[in-house]
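Visitor: just a sequence and a predicted model for now, questions to come.
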Amino acid sequence: MSERIDQLRAEFERDLAAVEAEAGATALRDRWVGRKSGVLTAEMKRLGGLAPEERRQVGQLLNELKTGIEAAIDRLSGEFAVRREAAQLAAERIDVTLPGRREVAGHLHPITLLRQRIEDIFVSMGYQIEDGPEIETEFYNFDALNIPANHPARSRQDTFYLSERLALRSQTSTVQIHAMQRREPPLRVIAPGRVFRRDTPDATHNPMFYQVEGLLVDRGITLGDLKGTIEEFVRRMFGPQTQIRFRPSYFPFVEPGAEIDYSCFKCGGSGCRVCKGSGWIEMGGSGMVHPNVLRGVGIDPEIFSGFAFGLGLDRLCALMYGLDDIRLLYENDIRFLAQFR
Amino acid sequence: MKISYNWLREMVETRLTPRDLATRLTMAGLAVDAVEAVGDDHVLEFDLTSNRPDCLSHLGVAREVAALEGIGLVRPSTNLAAVATKTIELTAVEVLSPELCPRYTARLIRGVRIGPSPEWLVRRLEALGQRSVNNVADITNYVMLETGQPLHAFDFHQLRGRRIVVRRAHVGEQMTTLDGELRDLTPEMLVIADAERAVAIGGIKGGEDSGISAETVDVLLEAASFVPGQIRQTSRALGLATEASYRFERGVDPLGVLDAADRACTLIVAIAGGEVLDVAIDVFPGEAALRAAENPIPFRAERYRALTGLSVDIGEASRILGMLGCRVLPGADGESLSAVAPTWRIDIRIEEDLIEEVARIAGYDLLQTTLPGSAGAGAYLAGEEDRRAIRRLLTNAGYHEAVSFSFVNVGLDALFSTVDESQRMLLLDPIDETQSHMRTTLLGGLFRALEHNFNHGSRNVRLFEIGKCFIGHEGEDGRPREVERLAIAATGARHELDWQNSSARLDFFDLKGVVESLNEALGLPPFGFRSIGVDSHHPALYPGRLYPGWLHPGRAAEILLGGRPVGQLGQLHPHIAGQGRMKQAVLLAEIDLAALLNSTRPESRYHPLPKFPAVVRDQAFLIETSVSCDSIISAVRDLNLPNLVDVRLFDIYAGRELPAGSHSLALTFIYRADDRTLTDEEVSAAQERIVACLRNAFNAELR
Ligand SMILES: [Zn+2]
């Protein structure tokens, strides 16, 4: 009888080897171990005709065979399932190098980027950001700033007038006066904003540009405090290695006055195209608030002293981003605007 | 202004090389832009501040060098032989306008030979960019460059009446200047005249008829002072700027006049021959005022320390001020002094000016770096946090930030604004006549920017701007209201980077979505939107403004916050889009930013999460298109159904098979109770009430 079992096993092995698809595995299961017409089921039924001892022996052999066959078919079905799933996933393959789905990012204007950086630095140093009108009276734009009556800046050649008395502010220093009128010292003010001068647009001029004005008034403030403050600012702005130097200069609303230079952020002072070979870049004007300005807003210059400084954002922007024509700043070309972050 | 290094060394023996001298002077406040080698000399190019006209000469710069290096100053030499004939025997000077001419001096030189200048003189002038004319004219130029005092040489025999009259020009008077131009003069201008006619424009340029020529034998040499303001105005009015006017309009020392004249006479006799008559005629009506202005200015060591943070030795301060030409009077306490500023230093008036002088000669590099003591926390501008939130939101939504000029083309501005002409501010002297008005809207600038981008091939453009607009004159001193606004413009692809969906174009609802999300970002209650038709009148936001005609009349909405109008939103009117050659839809919005920044924010409150499930019902209605979605939803809400927690639109369908003028609105209704799961019957009963309500109110039919 064991020959019969061997014969069946060999027959199954042949059938198993012949299966090529998942459906074949199901058919194989039906043919060999199916409840109704399975080959082994039929063999099991035939056991009834055997003697009890032989029935027990053959039955055991048949059961072993059945367990083996079922395991083999399960293994085969498993393999087919894995292959089917793999094929399915392969069919779902995408080109992962296709672009992601998103909005084109918009960008802040480079002037805003710089202004926010500067505001952040000074707010962290205890300054208050202030704002003033773009249209000013002669009082705020000139008189209160100690600008002499015959100063060329007052002429219609240089300043945009809207009437006998009103003009577009020609410097953000006007905000100093508003701030000192509104509040008592001590005060620390940063005033960024638009200013206007009658310059014909060219690669380095616009009739409108942005300035940032700084003012500090307190007891015992010195030029050394101004120098220290500016040094702190440029180091946070351009890096800890940045140097500054003060040159005597003239601005009617300060005395003593100083022009501030900082060491070139590009070459570090050895000279390059950005700093025109000098190693230094002009930052802007500064100085101790003129006693006439203090007295004009009711502050006693013998008790309080203060410093003021101003810097031009457009020029800084041009230097930092390597702009060769600052007219681009106000053309709002998206190919330009998209370059800054 | 140019200075010759060799010439300078005739007056001060500097130990510095040209380059080192340039650096030293720059660090002392006389900025040298460039140093150029010219032959065996070097030329220093200065960019002087307007307060230092005293340095517009070799003598002035030499004085600074002497003070900086602590070395002696040698003044240009004069050497005039005694002559028996007196100047006043042959000529006279009359100053009729002393208010414009504080001093006028004249010298007569007889028997000169006009000819070419010697080689050294020509070279020196040329190195400084001056052309040689003839010996006498060159000498007047030379002495001006040397001393800073402009001079003028007349051919004495061309002066009718042989006399000088300093007066205002007559009405309608004309004169031909040395450059051959016929000039129209006015009584605001000062002229130098002879007995009959103007022969020079005082302090600016000489006349053609009276100048030095090859035939000139006798010379009247003018050395004078003029009032800076008048020179500036006349120079501007005539469009005539000269080396002389440049100096006079900044200020020339009235006490240097005679020295300069004597120096020129010395050179004329040496080079062109002739003799100088005895004693200059010197009319000096401004002398008393000049002397009266010579006040001692105090200087306290303590004040110096208070302003600079540095201590100063009063002896050192005295030495520096003395080198600069001040008359120094020691103070009683040894800790102060007073100083009378020299007449050439018009910029020194108060103690702080003296402090700067001492500090700059001592060197600003001595300044310490200190930090003022702490003064508490800093603060941003009110509303800055919101502005930054808006900027972040818009840039994330693909919008670039634009910045436009505050002044615009009035026609362009008027396209987007109904601000009355009388409420506009305009520039008296615009640079560009077409950009002469202060903007009353930001939309003009954004429209121009869209055009610019279109012209440069960009068809997908999203921009926003935050800035001020200027309306009316009701403020103090006639100032306008400066209104801060936010404007947004968008056109082109809805999803520029979406390669599967590249044909979708931005429409009204895209920009509306951006506007709606502003409130979310700022924590404000939602905006309301109201259709604005042709007949609407909205005085609240822009006084006197009618329907915003720049918007498509069927696609224009007013933006409301708390029921108050705060802006508009819509599609650009096709007529205006066409002017910019834009065929695609352009969406615009403008919002009063102040209204947003100043409005109160509801506080966040926790609501318990629902414990029982919601029941959702979808229902489509056939309804006339003239009925707004808002009114339908409002009608449903007004029923106040107890368990209806939300109702929203989820689809609109407008197929051909529907009756004309109708469409199908599909709404989602969400029901929920806090204490139980709702039954089907309860929800169906509520739905029936809704259906009945919409049928009654809007003739809506179920679909
Ligand atoms: Zn550099």
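Guide: Okay, I see it.

Visitor: just name the shakiest helix or strand of chain A by mean pLDDT.
Guide: Within chain A, judged by mean pLDDT, DSSP states H and E, the helix or strand with the poorest mean is helix A:39-46; its value is a mean of 83.

Visitor: just checking, what packs against that one?
Guide: Packing contacts for helix A:39-46, counted by 3 or more C-beta pairs under 8 Å, 6 or more residues apart in numbering or on different chains; DSSP states H and E, involve helix A:2-18, helix A:22-33, helix A:52-91. Yep, even glycine has a C-beta here, placed from its N, CA and C like the rest.

Visitor: what's in contact with the next helix or strand after the last one?
Guide: Looking back up the chat, that one is helix A:52-91. On the C-terminal side of helix A:52-91, the closest following helix or strand by DSSP states H and E is helix A:110-124. Outside helix A:110-124, the residues within contact range by C-beta atoms under 8 Å, 6 or more residues apart in numbering or on different chains are A:108, A:129, A:188, A:190, A:192, A:210, A:212, A:214, A:233, A:236-237, A:313-314, A:316-317, A:320-321, A:329, A:337, A:340-341, B:378-380, B:384, B:388, B:391, B:401, B:403.

Visitor: contact partners for residue 172?
Guide: You didn't say which chain, so I picked chain A. By C-beta under 8 Å, 6+ apart, the contact set of residue A:172 is A:132, A:191-193, A:195, A:211-213, A:310.

Visitor: ah, I was thinking of chain B
Guide: residue B:184.

Visitor: strands of the stretch 1-150 of chain B, start to end?
Guide: Assigned strands in the stretch 1-150 of chain B, in chain order: B:2-4, B:31-38, B:41-47, B:92-95, B:103-110 (criterion: DSSP state E, counting those that start in this stretch).

Visitor: which of the contacts of residue A:172 are close to the ion?
Guide: Near the ion, judged by C-beta under 5 Å from the ion, there are no entries from the contacts of residue A:172.

Visitor: may I see these arranged in a markdown table, with pLDDT as well?
Guide: Output for those, formatted as a markdown table (pLDDT from 0 to 100):
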| residue | pLDDT |
| --- | --- |
| A:132 | 94 |
| A:191 | 97 |
| A:192 | 98 |
| A:193 | 97 |
| A:195 | 97 |
| A:211 | 97 |
| A:212 | 97 |
| A:213 | 97 |
| A:310 | 96 |
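
Visitor: sorry, back to before: of the strands of the stretch 1-150 of chain B, which stretch is the most buried?
Guide: Ranked by mean neighbour count under mean count of other C-beta atoms under 10 Å in any protein chain shown, the strands of the stretch 1-150 of chain B are led by strand B:103-110, which reaches a mean of 23.

Visitor: returning to that earlier point: take the helices and strands packed on helix A:39-46 and lay them out in JSON lines including mean pLDDT and distance to chain B.
Guide: Below are those laid out as JSON lines (pLDDT from 0 to 100; distance: least, C-beta to the nearest C-beta, whole Å):
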{"stretch": "helix A:2-18", "mean pLDDT": "87", "distance to chain B": "46"}
{"stretch": "helix A:22-33", "mean pLDDT": "87", "distance to chain B": "34"}
{"stretch": "helix A:52-91", "mean pLDDT": "90", "distance to chain B": "19"}
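
Visitor: turn those into CSV, columns for distance to the ion.
Guide: Output for these, formatted as CSV (distance: least, C-beta to the ion, whole Å):
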stretch, distance to the ion
helix A:2-18, 81
helix A:22-33, 74
helix A:52-91, 58
